[in-house]
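Asker: What follows is a predicted protein model with its sequence.
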Amino acid sequence: MTVRDLVVDLCAEHLDAVTGEPVPLQVLVRLLAACGVAEQSTRVAATALRRAGWLRAARRGRETLCTPTAALREAVTAQRERVDRRLVPWDGQWRMVVYGVPETDRAARERVRRGLARAGFGPLAPATWVSPHRAALEEVRAELAGERTSRLDLLTVSVADPGTTDGELAARCWDLPRLAAAWARVLDGLDAVSAPEGPAALDQHLRLRAEVRAVLAGDPLLPAALQPAGWPARDVRAAWADAGARLAAAARAHVADVLGAVAPPALHPAVA
């Protein structure tokens, strides 16, 4: 969990839900203090997001006002859409990438591996990665655009060996026991949600979102046919729809209370 992630989630999940007005930076500082974030850390993260074009800043006297930009919202929406694309029914086919990178370019090799992982692929062999998702090849084209690959074959394949099941293939490509344990910890956290209010609700909601995102980053979101028995991610979705929704409502109520004490801003020219 990074402070930058917390600022993005605060903007996308809460500020956008309760106000369309610019928010004083000091309010972001106050809200994130509930998560144990130091004022300087929040200011540094906000500055980085402003430089990335995800926050817009303006001045009101000596005060800095922040507004989430369309770029921030589009990035959050793209993340959600990527997850949604991986939850469609499986067509029984695997998408395969076979690639080559010059031996001397270790940095490029690592970038390719990270791009493959982000696109939902797992390593079947050192330079052969697979994914069960229909949209995976389109995603990996975007991820690897501009990389120095000496070979990049994008294939759609199926398991032909009667002695190997699709589930066994998935177990070779991802550390499913580790992922199951991570999802079980998330589920424990959701099951422990009671009825927090005020800063505690915001803190718990942002932390649980960060934990879910961290696990999702390494989860290929395997179709049900490829999941081991008792796969806990199924229960996490149901628990998040319940406990997560209750937490979000309480957190937004706290954000609205804090914003209610802030006078409507009068804007001056934007700062760089």
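Answerer: Okay, I see it.
Asker: Stretch 211-228: which residues count as buried?
Answerer: For stretch 211-228, the buried set under the neighbour-count rule, 16 or more other CB atoms under 10 Å, comprises 211-212, 215-216, 219-223, 226-227. Using the backbone N, CA and C atoms, a C-beta is placed for each residue, glycine as well.
Asker: In helices, which of those residues fall?
Answerer: Secondary structure assignment by DSSP state H places 211-212, 215-216 of the buried residues of stretch 211-228 in helices.
Asker: all strands for the stretch 51-200 of the chain, in order.
Answerer: When secondary structure is read from DSSP state E, counting those that start in this stretch, the stretch 51-200 of the chain shows strands at 55-60, 63-68, 94-100, 122-125, 128-131, 151-157.
Asker: Is it possible to get a markdown table of those that adds distance to residue 253?
Answerer: Supplementary listing: these in a markdown table, determined by distance: least, CB to CB, whole Å:
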| stretch | distance to residue 253 |
| --- | --- |
| strand 55-60 | 24 |
| strand 63-68 | 20 |
| strand 94-100 | 44 |
| strand 122-125 | 41 |
| strand 128-131 | 40 |
| strand 151-157 | 48 |
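Asker: Adding mean neighbour count, mean pLDDT and distance to residue 167, write those strands out as a markdown table.
Answerer: Output for the strands of the stretch 51-200 of the chain, formatted as a markdown table (neighbours: other CB atoms under 10 Å; pLDDT from 0 to 100; distance: least, CB to CB, whole Å):
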| stretch | mean neighbour count | mean pLDDT | distance to residue 167 |
| --- | --- | --- | --- |
| strand 55-60 | 18 | 91 | 44 |
| strand 63-68 | 20 | 92 | 42 |
| strand 94-100 | 20 | 95 | 12 |
| strand 122-125 | 16 | 95 | 13 |
| strand 128-131 | 22 | 97 | 13 |
| strand 151-157 | 12 | 92 | 16 |
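Asker: Not counting its neighbours along the chain, what's nearest residue 235?
Answerer: Nearest in space to residue 235, with sequence neighbours left out and distances taken as CB to CB, 6 or more residues apart in numbering, is residue 187 at 5.6 Å.
Asker: How many residues are close by that neighbour?
Answerer: Burial of residue 187 is recorded as 19 neighbouring residues (other CB atoms under 10 Å).
Asker: where does the protein dip in pLDDT?
Answerer: Within the chain, the stretches with pLDDT under 70 are 261-272.
Asker: Give me the helices and strands touching the helix or strand hosting residue 258, please.
Answerer: Remark: residue 258 resides in helix 245-260, with elements defined by DSSP states H and E. Using 3 or more CB pairs under 8 Å, 6 or more residues apart in numbering; DSSP states H and E as the contact definition, the elements that helix 245-260 packs against are helix 16-18, helix 25-33, helix 198-217.
Asker: Which residue lies closest in space to the most centrally placed residue in the chain, excluding its sequence neighbours?
Answerer: In the chain, the C-alpha nearest the mean C-alpha coordinate belongs to residue 213, at 4.4 Å (CA atoms, centre = their mean). Counting by CB to CB, 6+ apart, the nearest residue to residue 213 once its immediate chain neighbours are dropped is residue 5, at 7.0 Å.
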